[in-house]
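Q: coordinates for the following, if possible.
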Amino acid sequence: REASVAHSAIRRPYRPEDEHSMAPPLPAKEATLFKAIVKHYELKSYKKGLRAADQVLKKFPEHGETIAMKGLLLNCMEKKEEAYDLVRKGIK
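A: Modelled structure (predicted):
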């Protein structure tokens, strides 16, 4: 057990490029909306998920994870071309 605790405390050194690889976290309200987007996707409530995604993107139009989730929702709604464009944009 001690070995696993010690192992979990080891972190790789900070690198300046790390700042560009992670977007800042969403504020609490939008983070809750994002969780709802994922839940709606899982429950196949695509229109509700799309509405939640649009709410997040209204305040944070460049939030990659939300853009990608919107693309997944649209894909399930048979809007393939727009979906693929959004997923590509979201994972950049």
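
Q: show me what stretch 59-78 is in contact with.
A: The set of residues external to stretch 59-78 that reach it, using C-beta atoms under 8 Å, 6 or more residues apart in numbering, is 23, 26, 30, 34, 37-38, 40-41, 44, 46-47, 49-50, 53-54, 56-57, 80, 82-92. For glycine as for every other residue, the C-beta is placed from the backbone atoms N, C-alpha and C.

Q: buried sites along it?
A: Buried positions in stretch 59-78, judged by neighbour count with 16 or more other C-beta atoms under 10 Å: 60, 63, 65-75.

Q: please name every helix or strand in contact with the strand or helix carrying Lys39.
A: Per DSSP states H and E: Lys39 is located in helix 28-42. Secondary-structure packing of helix 28-42 (3 or more C-beta pairs under 8 Å, 6 or more residues apart in numbering; DSSP states H and E): helix 46-59, helix 64-76.

Q: could I get the buried residues of stretch 59-78 as CSV with pLDDT?
A: Formatted as CSV, those follow (pLDDT from 0 to 100):
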residue, pLDDT
Phe60, 96
His63, 96
Glu65, 96
Thr66, 97
Ile67, 97
Ala68, 96
Met69, 97
Lys70, 97
Gly71, 97
Leu72, 97
Leu73, 97
Leu74, 97
Asn75, 97
